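Colleague: sequence and predicted model, in that order:
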Amino acid sequence: MQVSSLVIEVTRRCNMSCEHCLRGDAMNLNINHKYIDSLLEQVTEIGNVTFSGGEPSLNLETLEYFLSEVKRLHIYVDFFYIATNGLVVSEEFVMFCLKMYSYCGMKEDCRVDVSNDMYHAQEGDFDLDLLSGLSFFGRKFENDGYNYRYGKDSMLVNEGRSSDGNGHNVTVYDIESMDDFNGATIYLNCKGEIINGCDWSYVSQSKYKLCDVSELTGFFEKIEAYELELD
């Protein structure tokens, strides 16, 4: 099975507590590797993979595990994306980004960003020296300060701590065809649930659950069978 857009919530831990966080309060929870195994057993190719959180750099073990498994299983990956809060950047995290970059087929689309935007006021608090050496790090300078990708265009999502009505609502996509399924963002959370979309808070994720990760192929086949019936 090919997955065009995959997001893996590697942890719900975080070393910050931003007032606008769409996820909500952090939890002391990392994804179990058995959910990674279950996913990769069903996948032959991945278009793009995003490592999400929480703060994804806090679970380097799982990032490394994912890379080792896609290599072992010869699963092709186009490119990857990580947004880190940049509070603490370790050499090990940067080395993982380099190894992931090396493995990906579409290196020009690989990206690592710091989640500094119009809602953050933390200039000077970032550990950017190591990240700045990555050719695919998304830093740019504007207005005599640091602004990062999506900085000017950022919008609050009405989820988590920012569910006050001042942001935009998350779009719910009905999956009724293979085109819908192939175009969807398949989100694997720390509980082993597959969700259609990636902006849900920890509280509301389960409301938009498609299936357990172990049932992903079966869900795929049901969609395929439904289309055949329509024909």
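Modeller: Noted; the coordinates are in hand.
Colleague: thought Val175 was touching Ile186?
Modeller: You called it Val, but residue 175 is Ile. No - in this structure Ile175 lies outside contact range of Ile186 using CB atoms under 8 Å: 10.0 Å. (C-beta placed from N, C-alpha, C; glycine too.)
Colleague: quick one, which of the two is more surrounded?
Modeller: Using other CB atoms under 10 Å, the more surrounded residue of Ile175 and Ile186 is Ile186, with 24 against 17.
Colleague: just to revisit the earlier point, what is in contact with Ile175 and Ile186 at once?
Modeller: Asn196 (CB atoms under 8 Å, 6 or more residues apart in numbering).
Colleague: residues in contact with Glu9?
Modeller: Glu9 neighbours (CB under 8 Å, 6+ apart): Ile31, Ser52, Gly53, Gly54, Tyr187, Leu188, Asn189, Cys190.
Colleague: could you list which of the residues you listed belong to strands?
Modeller: Those of the contacts of Glu9 mapping onto strands are Ser52, Tyr187, Leu188, per DSSP state E.
Colleague: where along the chain do the helices fall?
Modeller: Remark: helices assigned in the chain by DSSP state H are 33-41, 60-72, 91-103, 178-183, 216-230.
Colleague: next, format these as JSON lines and append mean pLDDT.
Modeller: Formatted as JSON lines, the helices of the chain follow (pLDDT from 0 to 100):
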{"stretch": "helix 33-41", "mean pLDDT": "98"}
{"stretch": "helix 60-72", "mean pLDDT": "98"}
{"stretch": "helix 91-103", "mean pLDDT": "95"}
{"stretch": "helix 178-183", "mean pLDDT": "67"}
{"stretch": "helix 216-230", "mean pLDDT": "76"}
